[in-house]
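>>> What would the 3D arrangement of this be:
(one chain, ligands or ions: 1)
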Amino acid sequence: MGPQPLKRAPPLVRRRALSFENGGSPDVHTGSFLLSPIVVSWRRTSHHPPPAPRVFHPPSSCMSAVLCFKCQSVLCQVPVKVMLPVIVIHGGAGHIPKERAQLSCAGVREAARGGYGILRASGSAMDAVVEAVTMLENNPAYNAGRGSVLNVKGEVEMDAIVMDGRTLDSGAVSAVRRVANPVQLARLVMEKTKHLCLTAEGASQFARAMGIPEVPEESLITDYARMRWKKNLAPDANPVECQMGKMGTVGAVAVDTEGNVACATSTGGMINKMEGRVGDTPCIGCGGYADNKVGAVSPTGHGEAIMKVTLSRLILFHMEQGRSAEEASDLGLAYMKERVQGLGGVVTVDPKGAWAARFSSLQMAWAAVQDEQLHYGLYAGEHFTESAQEQS
Ligand SMILES: NC(=O)C[C@H](N)C(=O)O
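Take a look at the predicted model:
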C-alpha cells in the first residue's frame, strides 16, 4: 500500500505557513523549518521505511512541496514568500573609529542602493555586486581600491574576486597594483580567460591588454592609510590587532529576479603585510562563493583565519545541511573564532532571497535592500530600516 497523504500538517508547519500568509519574517524559510516536523509526521503516517522526505521548491512557484522520498507523492504544500531581488553589502568587520563610522555607514547604504537599482531594472546579480563593490572601491573610506592599506614597503597591492552562482564561474586577481577597480579586473579574468586567478605583474599585464588604464599608485593612497602604515612600522607594533581595530574590506552578495546569486569581494589586504602576500579574498571558497543551488557569501576579517576554515564554503555547507542563511553564517563565524581565534563578518543570501549580515567582530558596516526597503546597521543587534528611495 502507498503512503497515506497527511490529513493535516503538524502544528509547527501550520504555524509557519500562517506566518507567511500574514507577511511573516522573510528570512524564515520553509525548507529547513519544515523538514523535521514533517519527518515525524511522515513516520507516523507512511508505510515506507523512513528516509527523510524531500522538500522541493519549484523554480518560479510560490508554493513549496514536501515530497515522499519513495513514491514522490506530495505530502503537503506550503506557501513560500518570494522576496527577490535582494542585495547585501559589507564595508569590513572590525572596530570602526567614531569619526569614520558615519562615512562607513553612508558608503554601504549608497552602494546597496546603487546595486539594487540594477536589480530593480532586471539586471543580473553579477552586474549588481560588481557595481556595488566598484562604488566602494572608489570611496576612500574603505580598505579597497582607493583607501587600501599599504604593505610593509608602503605600497598598494590589492586582491578581488567575483563568482557567478549560475555556472560556478569565478575570476580573481591577487597582489595587483595600479588599477582603480580590481573587482572589474577580476570579472574580466572570469569572462576573458580560461583561468580563475591572475596575480601581481601578470594581472597588471592582463589589465593593460584589456585596455584598463593604469593609475598612479599615489592616487590609491590616502593620508589615513599612510599614517597607519607608519604607525605599524614600529618594532613593537601589532598590525593584525591594529587591523582588527579598523578593517574595511568591501563585499556584496545579491539574488536577481531570476533567482541567480553572485558575490564580489575586494580588499587592500592586511596592514603592513609582506610584499606578495595573498589573503583570503581572491581564493575561491574563502573570500567568496556563489552557487545557485545554495546561496552566496562574501566575508571580511583576518584573511589567514578565513583561509584556514574556508569560511565562505563552510557557511554554504551549513546551508546545504538545512540551516538558514543566518544560522549558517553564525555557525561559520563561531567555528572560525573557536578553532583559529579569528574574527570577521559575512553577508550571505540564499536563492529565495533570505539574507544575513553577521559578524563576530565589534562592528561591521552593512546594508541590504529588499522589497524597496533599505536595512542597515553597524553594531551587533543594530537593524535600522528606511525606504530605499530616501537619500541619506
Ligand atoms: N579587511 C579584511 O577583511 C582583510 C582581508 N580579509 C584580508 O585578509 O586580506
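
>>> How about the residues of this structure by the ligand?
By Cβ under 6 Å from any ligand atom, the part of the chain that sits against the ligand consists of 92, 143, 247, 249, 267, 269-270, 279-281, 300-303, 306. Just so you know, the C-beta spots here come from the backbone N, C-alpha and C atoms, and that holds for glycine as well.

>>> mind running it again at 8 Å?
Residues of the chain lying close to the ligand by Cβ under 8 Å from any ligand atom are 92-94, 143, 149, 159, 243, 247-249, 265, 267-270, 273, 279-281, 287, 299-304, 306, 344.

>>> Check T134 and give its pLDDT.
Looking at T134, its pLDDT reads 98.

>>> hang on, the earlier thing: filter the residues of the chain next to the ligand down to the ones in strands?
Of the positions in the residues of the chain next to the ligand, 92-94, 159, 265, 267, 299-301, 344 sit in strands, assigned by DSSP state E.

>>> what does stretch 331-341 rub up against?
Residues outside stretch 331-341 that contact it (Cβ atoms under 8 Å, 6 or more residues apart in numbering) are 301, 305-306, 308-309, 311, 314-315, 318, 323, 342-346, 358-360.

>>> mind listing what's buried in that stretch?
Within stretch 331-341, the residues scored as buried using 16 or more other Cβ atoms under 10 Å are 331-333, 335-337.

>>> Whatever residue of the stretch 201-350 of the chain ends up closest to the ligand and V162, how far apart?
Across the stretch 201-350 of the chain, the shortest distance to the ligand (Cβ to the nearest ligand atom) belongs to G303, at 2.2 Å. Noted for G303: a distance of 17 Å to V162, by Cβ to Cβ, to the nearest Å.

>>> repeat for A172
Distance, A172 to V162, by Cβ to Cβ: 8 Å.

>>> Ok, G353 next?
For G353, the distance to V162 equals 20 Å [Cβ to Cβ].

>>> Which one's more surrounded, these two?
Between G353 and V162, counted using other Cβ atoms under 10 Å, the more crowded position is V162 (31 against 23).

>>> can you pull out the helices in the stretch 151-300 of the chain?
182-192, 200-209, 223-231, 239-245 (DSSP state H, counting those that start in this stretch).

>>> Tell me which of these sits most buried.
helix 182-192 (a mean of 24; mean count of other Cβ atoms under 10 Å).

>>> Tabulate the CA atom coordinates of that one in PDB.
Only the C-alpha atoms of helix 182-192 are listed here, as PDB (Å, rounded to 0.1, in the frame of the first residue of the first chain):
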ATOM      1  CA  PRO A 182      40.300  45.300  -9.000                       C
ATOM      2  CA  VAL A 183      36.800  43.900  -8.900                       C
ATOM      3  CA  GLN A 184      36.300  44.800 -12.600                       C
ATOM      4  CA  LEU A 185      39.600  43.200 -13.500                       C
ATOM      5  CA  ALA A 186      38.500  40.100 -11.600                       C
ATOM      6  CA  ARG A 187      35.300  40.000 -13.600                       C
ATOM      7  CA  LEU A 188      37.400  40.200 -16.800                       C
ATOM      8  CA  VAL A 189      39.600  37.300 -15.600                       C
ATOM      9  CA  MET A 190      36.300  35.300 -15.300                       C
ATOM     10  CA  GLU A 191      34.900  36.400 -18.700                       C
ATOM     11  CA  LYS A 192      38.000  36.600 -20.900                       C
END
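
>>> contact partners of that helix?
126, 130, 133-134, 137, 144-145, 158-164, 169-173, 176, 179, 195-198, 203, 206-207, 210, 212, 264, 266, 282.

>>> go on, stretch 312-328?
Outside stretch 312-328, the residues within contact range by Cβ under 8 Å, 6+ apart are 27-29, 31-32, 35, 263, 285-289, 291, 294-295, 297-299, 329, 331-332, 335, 346, 348-350, 354-356, 358.

>>> I appreciate the help and will end here.
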